[in-house]
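Q: I would like to see how this sequence folds:
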Amino acid sequence: MASTSKATDRKTEIVEGFSAMPSAIDLSQEILDEIVGHLHDETETLQILSVVSSSFLPICRALLFYSLRLGFDNCALWDSRLRDCQTIGFAIKDVELRVAGFQDEEERYLLNLLDRVAGPIKLTLCNPPQYSAAFWTDMPVSLQQTIARIIARPIVQSITAIKFMNIPISLFLGMRNCQRLELVYCSFATPDVPTPDPGPKSSVNALLVSESQSLYAKTQQPLYEFVGHSAFPLDVTNLSRLHVELFPENVERVRHLLSVCAQSLHRLSFFIRGATASVRHLPALQVLEIKLDITHYSLHPQLMHSVLSAFLHTLESLRASPDEGLQARDHHLPNLTEIYIPTTIVPSYFQQVPQKFWADLNALLTGLSPIRVRIVAMCLDEKREKMPDLRVFLPTLERTGRLTLTNEYWGTLSNSRGNYLGRLAVERMC
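A: Residues are numbered from 1 along each chain as shown. Presented below is the predicted three-dimensional model:
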């Protein structure tokens, strides 16, 4: 009985303590942000902290509801929650729409709840992980129309589409305020008849396209196959950031695209897959990113040789040829200040990279003074002691003081946002 009495007294103290806690905490906003910011991936802790004090509530709400994952099975629920608690709509910044299984009624809920999101938002279109790629032609017409209406909304400032096949090229003509378009292994339906001029095009500041050679088929084409075509939906004359994967099949289209946006491009990212393109005559370019994937071709020596040769050839295009004079690079790339090389490494395959490649790379990068070189080496092995030190392979560049090398390890990187939809009742977040 005594122990029961003590437990009851303790519960009473907790309740009285919470009821006596002031509604606000006398700390600066910077300190509160610092405290809560360290808990960004601690969902349960954020849920509890959100009801401790009104000072913590807005910060916790912004983290808990930053990302919203929508599917056919929860649209009605989130429509109800946003209708009952409108403040949540101001916290949502990242919306992932999983398109599989939608019916007419769920689409209605989807449009209603997005009306209550203040924006701006990043929109991701994809299928759930257990599904394969999403085929546009297999979707109900009503869902196709709903997606087109969502893309056209002013709150959508960034769009990412993942594994969408046979998309009509005209879909992105409706973008109104989108500044960033990312397409990950997407393809577009090839028109059966010549497409007339579609009129005004959508303007974007950043275009990031990841492709694979398997996308180059007769019935479907990657986005770059439409570059220079009247059906191309984007105005890229003011493009400031571009990410491309270079294959022999798309290199000519990419070169044409670079010529169109040459005067505005500030950051150019290459993922070289056996082809290269010159980066000269880009007067606004500030950062050149060239991804070096040592692991992907480790078991195929001929392919690795092709990729490494193309990688070096891209760097060689930065140098002046003897007949151009020593100031040619400064004339063609006057604003280039950094070369960024993200590198993927599997230690057991690392020895297969020819020593001559490292010697050539060391000489090329050293000769590109005063451009800074930043290398991020991601090791696909949690045993850090096996990670090769790339400084050993770039000794001359290391001595110049222009090399910044960072090692990262597979399994230690985490999603910076996570899933913050939580189990806390919505009324506690209002």
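
Q: Quick check on the most centrally placed residue in the chain: phi, psi?
A: Ranked by distance to the mean C-alpha position of the chain (CA atoms, centre = their mean), the top residue is Glu182 at 7.2 Å. Glu182 adopts backbone torsions of phi -120, psi 130, taken as degrees, to the nearest 10.

Q: any idea how far it lies from Arg108?
A: Separation of Glu182 from Arg108 (CB to CB, to the nearest Å) stands at 28 Å. Yep, even glycine has a C-beta here, placed from its N, CA and C like the rest.

Q: Likewise for Gln86?
A: As defined by CB to CB, Gln86 lies at a distance of 19 Å from Arg108.

Q: These two: which has the busier surroundings?
A: Arg108 (15 against 11; other CB atoms under 10 Å).

Q: Determine the three-state secondary structure at the more buried one.
A: Recorded secondary structure, Arg108: helix (DSSP: H, G, I helix; E, B strand; the rest coil).

Q: can you map out the helices along this protein?
A: Counting by DSSP state H, residue ranges of the helices within the chain are 2-20, 29-37, 43-49, 57-64, 75-84, 88-91, 104-115, 141-151, 251-260, 301-316, 328-332, 347-350, 355-366, 395-400.

Q: For the ones you listed, state which one has the densest average packing.
A: Between these, helix 57-64 has the highest mean count of neighbours, a mean of 21, where neighbours are mean count of other CB atoms under 10 Å.

Q: helices and strands around that one, which ones?
A: With contacts defined as 3 or more CB pairs under 8 Å, 6 or more residues apart in numbering; DSSP states H and E, the packing partners of helix 57-64 are helix 29-37, helix 43-49, helix 88-91.

Q: Packing partners of the last one?
A: To tie it back to what came earlier, the one meant is helix 88-91. Using 3+ CB pairs under 8 Å, 6+ apart as the contact criterion, the secondary-structure elements in contact with helix 88-91 are helix 57-64, helix 75-84.

Q: Pick out the shakiest of the ones you listed, pLDDT-wise.
A: Confidence, taken as mean pLDDT, is least for helix 57-64 of the helices and strands packed on helix 88-91 (a mean of 82).

Q: Okay, now the unreliable bits of the stretch 1-150 of the chain?
A: When residues are selected by pLDDT under 70, those of the stretch 1-150 of the chain lie in 1-26, 40, 104-105.

Q: what's the spacing between Ser264 and Leu181?
A: Relative to Leu181, and taking CB to CB, Ser264 is found at 16 Å.

Q: So for those two, which residue has more residues nearby?
A: Between Ser264 and Leu181, Leu181 has the larger neighbour count (other CB under 10 Å), namely 22 against 18.

Q: The more buried one pairs with what?
A: The residues paired with Leu181 through beta bridges, assigned by DSSP bridges, are Ile159, Leu207.

Q: same question, Leu123
A: With beta bridges defined as DSSP bridges, Leu123 has these partners: Val95, Ile159.

Q: got the contact list for it?
A: The contact partners of Leu123, by CB atoms under 8 Å, 6 or more residues apart in numbering, come to Val95, Leu97, Ile150, Ile151, Val156, Ser158, Ile159, Thr160.

Q: Just the closest of these to Pro347, please.
A: Taking CB to CB as the measure, Pro347 lies nearest Thr160 of those, at 31.8 Å.

Q: Find the residue closest to Leu39 in space, skipping its chain neighbours.
A: Nearest-residue entry for Leu39: Thr45, 5.1 Å, with adjacent residues in sequence omitted and distances by CB to CB, 6 or more residues apart in numbering.

Q: roughly how far apart are that neighbour and Phe271?
A: Shown here: Thr45 relative to Phe271, a distance of 38 Å by CB to CB.
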